[in-house]
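Asks: What would the 3D arrangement of this be:
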Amino acid sequence: MSHLRVRTRKGDGGIFVVYVDGYLNSLLGEEMERAVYGVVDAGGAGVVLNFEGTKLINSIGISFVIGIVERMRERNSTLAFCSLSRINQELFQMTGISRYVRLFDTEKEALVFFAQSV
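Replies: I've put the predicted structure just below:
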């Protein structure tokens with residue numbers, strides 16, 4: 001039985017939402033990375049990582065997030081995070097990740113941002 005879960009949904013304008021559900025460690029990090037890179041390699045205009053189902057992120061999970069941020073920046077692709085728990089939002093602020101990624105309270109807010117900017 002697996003508690004890992006990453007799923008992808010295509011939104012309007014070539015924007016994809018990647019849902020990350022579970023404890024973000026090396027296993028879920030690899031799954032998340034594959035999903036995001038698959039979207040970007042297929043020509044997705046941008047990605048929203050929805051962390052609503054992610055309660056905890058360990059140091060290895062953070063390293064996967066940093067790798068995704070770097071790759072998206074290299075490709076001039078837009079990346080946003082949404083639905084972060086308070087502790088995960090603080091973690092992204094402490095590590096400096098939030099300087100490179102837009103953070104939104106809800107998926108809807110993130111998609112409105114993309115609709116206006118892409």
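
Asks: contacts and neighbour counts: CA atoms only from here.
Replies: Noted.

Asks: shaky segments in this structure?
Replies: Judged against pLDDT under 70, the low-scoring parts of the chain cover residues 1-4, 118.

Asks: what about the helices in it?
Replies: Listed in chain order, the helices of the chain (DSSP state H) span 26-41, 59-74, 86-94, 107-117.

Asks: Please identify the deepest-packed of these.
Replies: Of all the helices of the chain, helix 26-41 carries the top mean neighbour count, a mean of 18, counting by mean count of other CA atoms under 10 Å.

Asks: and that one with helix 59-74, angle?
Replies: Computed by axes from the mean of the first three to the mean of the last three CA atoms, to 10 degrees, the angle separating helix 26-41 from helix 59-74 equals 10 degrees.

Asks: Give the other helices and strands that helix 26-41 contacts.
Replies: For helix 26-41, the packing partners by 3 or more CA pairs under 8 Å, 6 or more residues apart in numbering; DSSP states H and E come out as strand 5-10, strand 15-21, strand 46-50, helix 59-74.

Asks: wait, which of the ones you listed is closest to L84?
Replies: For these, distance to L84 was read as CA to CA. The smallest value, 7.6 Å, belongs to strand 46-50.

Asks: Geometric centre of the protein: which residue is closest?
Replies: The centre of the chain sits closest to L49, judged by CA atoms, centre = their mean, with a distance of 2.5 Å.
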